[in-house]
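Q: fold the following.
(one chain, ligands or ions: 1)
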Amino acid sequence: MNKKYYITTPIYYPSANFHIGHCYTTIIADALARYKRLNGYDVFFQTGTDEHGAKIAQKAEEKGVSPKEYVDEIIENAKDLWKQLGISYDYFIRTTDEQHVKAVQAIFQKLYDKGEIYKGSYKGLYCIPCESFWTPTQLVDGKCPDCGREVKEVTEEAYFFKLSQYQDKLIKFYEENPDFILPLSRKNELINNFIKPGLEDLCVSRTSVKWGIPVPMDPDHVIYVWLDALTNYITSLGYPDESAELYQKYWPADLHLVGKEITRFHAIIWPAILMALDIPLPKQVFGHGWLVIDGGKISKSLGNYKDPREYIDSYGVDAVRYFVLREVPFGADGTFSEDALITRTNADLVNNLGNLVNRTITMAHKYFDGQVINPKATEEIDNDLRNSATDLRKKVDAKMAELKANEALEEIFEVLRKCNKYIDDTTPWLLAKDETKQVRLQTVIYNILEAIRICAILLDPFIPTTSQRILDQLNTQNKSIDSLDTFDGLEEVTLNKAEILFQRIEVSE
Ligand code: ME8
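A: Numbering: from 1, shown residues only. From the prediction side, this is the model:
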């Protein structure tokens with residue numbers, strides 16, 4: 001049977017100023033998607049842009065262009081950045097896509113016809129930049145709890161989704177599906193802060209905003225942003241046509257990966273909408289932490305923003321990917337700093353990985369003209385390395401099942417450390433001087449090369465460019481995940497020449 005895996009990132013607000021924090025969700029999602037592909041899953045990895053709302057209209061007006069012209073231009077920024085980061089998405093959805101617009105209108109109509117949406121009037125405190133309504137108790141010092149900016153009191157005729165009816169159903173659903181919201185701390189926070197105090201019906205249309213999808217039976221209203229945004233996860237698959245091929249194949253989603261501040265929309269509103277539509281719910285919503293700088297969220301207005309492409313240009317894409325995936329325990333907040341990135345790159349990628357690959361391949365060239373020889377004559381001292389390498393796949397799998405990319409990488413780098421120690425213990429340069437030890441030398445070199453091959457294959461989801469460069473140097477065709485459980489996957493090929501994988505980053509004063 002074909003195993004499928006549908007993973008999504010949030011759809012991003014189009015921006016010319018994406019920062020490393022925005023890259024965080026996408027890099028993690030990419031690593032998970034690649035990991036599943038490596039393991040034979042049929043993956044559908046979706047990202048995209050969330051292009052409607054007052055904020056976009058305001059920016060377009062400032063620039064003197066239409067909102068569509070504005071988003072068309074800056075959308076390329078996201079696509080370019082994802083390309084430079086090696087993001088292997090299968091589908092990029094834009095909420096201005098005609099298919100999405102029509103589908104959202106059909107969903108609105110369906111919910112209205114079923115009595116799940118009704119017309120009323122809304123009075124509330126609205127944060128324009130965050131496009132969120134807040135109750136007075138949710139405000140912090142009278143300001144928006146997410147961004148700290150001023151909120152405005154707004155009253156208007158509006159359509160509402162009967163979210164209040166879903167309180168008990170949601171609680172029951174969470175009980176029956178204990179892994180639906182992860183991490184658990186996030187789930188408890190949602191239940192205590194949002195569900196238990198009582199859910200209110202959700203405003204799903206606006207008349208004050210013009211840039212949005214018109215309500216089908218009342219076009220003076222546009223569909224309010226969360227109904228438009230969240231439904232991207234099904235409209236891309238062809239919904240409301242439930243017989244559509246992609247919908248049939250991939251829905252329900254296996255994982256919605258989102259930042260912690262939008263977990264509540266994904267774990268409360270989204271399941272309620274799906275319940276109202278009578279369609280299956282996603283299997284999991286994971287709310288990850290933020291990348292912070294000096295304890296604060298990264299933002300252009302705080303002046304701690306840097307274009308991620310500058311880091312890629314300076315240190316290489318895999319150093320950036322590796323840092324983000326390795327440094328932050330998944331779920332928690334993590335600090336981003338260029339100094340820490342340099343330290344990590346030098347310690348792990350230059351010393352542990354790069355030097356190992358380089359010196360091993362150089363030795364193989366020096367001693368055997370680059371010919372790989374597998375004498376199958378192991379000794380007791382080899383067992384620790386061999387067993388660590390053949391156990392690695394299972395260990396990485398267990399970590400990735402819990403979305404712990406940082407710990408999966410730790411496991412891989414532990415084996416690389418063992419390779420380095422094995423070289424020190426077996427001293428190939430001394431074996432090379434003794435004519436009677438040639439078979440032993442072949443075995444030692446083979447063991448290191450095969451351990452490197454195993455690590456390189458498992459590194460593919462995280463640092464794909466480096467993984468491929470290592471496999472190229474090994475000149476191996478055997479890149480399959482199934483070849484990792486025995487220790488003889490590397491063919492007796494002729495290695496390509498050794499190349500430096502990572503240059504040490506010198507830190508100037
Ligand atoms: O929220 N660290 O879009 P968005 C980690 N359009 N993650 C960060 C971050 C940081 N410093 N800054 C932003 C939206 N993010 C909506 C989503 S989905 C149906 C609609 C993450 O562009 C943030 O947590 O503001 C979120 O997951 C993603 O970037 C997109 O944020």
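Q: from here on, just use CA atoms for contacts and neighbour counts.
A: OK.
Q: show me the strands in the stretch 51-200 of the chain, by range?
A: 91-94, 117-127, 132-134, 152-161, 181-182 (DSSP state E, counting those that start in this stretch).
Q: Three-state assignment for Ser15, please.
A: Following DSSP: H, G, I helix; E, B strand; the rest coil, Ser15 is assigned to coil.
Q: hang on, it packs against Glu76?
A: No - using C-alpha atoms under 8 Å as the test, Ser15 is too far from Glu76 to be in contact (9.5 Å).
Q: of those two, who's got more company?
A: More neighbours surround Ser15 than the other of Ser15 and Glu76, with 18 against 14 (other C-alpha atoms under 10 Å).
Q: can you report phi and psi for the more buried one?
A: When read as degrees, to the nearest 10, the backbone of Ser15 gives phi -150, psi 150.
Q: can you tell me the closest non-neighbouring residue to it?
A: Closest residue to Ser15 apart from its sequence neighbours, by C-alpha to C-alpha, 6 or more residues apart in numbering: Ile74 at 6.1 Å.
Q: show me the shaky parts of the stretch 101-250 of the chain.
A: Counting by pLDDT under 70, the stretch 101-250 of the chain contains low-confidence residues at 131.
Q: could you report the neighbour count for the residue in it that the ligand sits nearest to?
A: Closest residue of the stretch 101-250 of the chain to the ligand, C-alpha to the nearest ligand atom: Leu230 (3.9 Å). Using other C-alpha under 10 Å, Leu230 has 21 neighbouring residues.
Q: so the closest residue to it other than its chain neighbours, which state does it fall into?
A: The shortest distance from Leu230 to any non-neighbouring residue, by C-alpha to C-alpha, 6+ apart, is to Trp270 (6.5 Å). Look at Trp270: counting by three-state DSSP, its state is helix.
Q: if I look at Trp270, how far off is Arg186?
A: Per C-alpha to C-alpha, to the nearest Å, Trp270 is found 16 Å from Arg186.
Q: and His266, by the same measure?
A: From His266 over to Arg186 the distance is 12 Å, taken as C-alpha to C-alpha.
Q: cool, and Val104?
A: 29 Å.
Q: swap in Gly287?
A: For Gly287, the distance to Arg186 - C-alpha to C-alpha - is 7 Å.
Q: now do the shared contacts for these two.
A: Residues touching both Gly287 and Arg186 (C-alpha atoms under 8 Å, 6 or more residues apart in numbering) are Lys260.
Q: which of the two has more neighbours?
A: Using other C-alpha under 10 Å, the more surrounded residue of Gly287 and Arg186 is Gly287, with 28 against 19.
Q: and the more buried one, what does it touch?
A: Residues near Gly287 by C-alpha under 8 Å, 6+ apart: Ile181, Leu182, Pro183, Arg186, Leu257, Val258, Gly259, Lys260, Glu261, Ile262, Thr263, Gly331.
Q: got these as TSV, with distance to the ligand columns?
A: Formatted as TSV, these follow (distance: C-alpha to the nearest ligand atom, whole Å):
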residue	distance to the ligand
Ile181	15
Leu182	14
Pro183	15
Arg186	13
Leu257	7
Val258	4
Gly259	3
Lys260	6
Glu261	6
Ile262	6
Thr263	8
Gly331	10
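Q: mind checking which of these are in helices?
A: Those of the contacts of Gly287 mapping onto helices are Arg186, Thr263, per DSSP state H.
Q: please list only the buried members of the contacts of Gly287.
A: By neighbour count, with 16 or more other C-alpha atoms under 10 Å, those hold Ile181, Leu182, Pro183, Arg186, Leu257, Val258, Gly259, Lys260, Thr263, Gly331 as buried.
Q: what about the fourth one, distance to Ile262?
A: For Arg186, the distance to Ile262 equals 11 Å [C-alpha to C-alpha].
Q: wait, isn't the residue nearest to Ser15 in contact with Ala16?
A: Yes - counting by C-alpha under 8 Å, Ile74 touches Ala16, with 5.8 Å between them.
Q: could you pull out the helices for the stretch 1-150 of the chain?
A: Remark: helices assigned in the stretch 1-150 of the chain by DSSP state H, counting those that start in this stretch are 20-38, 54-63, 67-84, 98-113.
Q: typed the wrong thing, it's the stretch 401-509 of the chain
A: Under DSSP H, counting those that start in this stretch, the stretch 401-509 of the chain gives helices at 405-426, 428-431, 438-459, 464-474.
Q: what's the closest of those helices to the ligand?
A: When the helices of the stretch 401-509 of the chain are compared (using C-alpha to the nearest ligand atom), the closest one is helix 405-426, at 15.3 Å.
Q: which strands and helices sit next to that closest one?
A: On a contact count with 3 or more C-alpha pairs under 8 Å, 6 or more residues apart in numbering; DSSP states H and E, helix 405-426 meets helix 317-327, helix 356-368, helix 383-401, helix 438-459.
Q: after the strand or helix carrying Asp220, which helix or strand is next? Please name it.
A: Element membership for Asp220, per DSSP states H and E: strand 218-223. Downstream of strand 218-223, the next assigned helix or strand under DSSP H and E is helix 225-230.
Q: which regions of the chain lie under the pLDDT threshold?
A: Looking at the chain by pLDDT under 70, you get 1-2, 131, 295, 300-303, 509.
Q: pick the most deeply packed of the helices of the stretch 401-509 of the chain.
A: Comparing those by mean neighbour count (mean count of other C-alpha atoms under 10 Å), helix 438-459 ranks first with a mean of 23.
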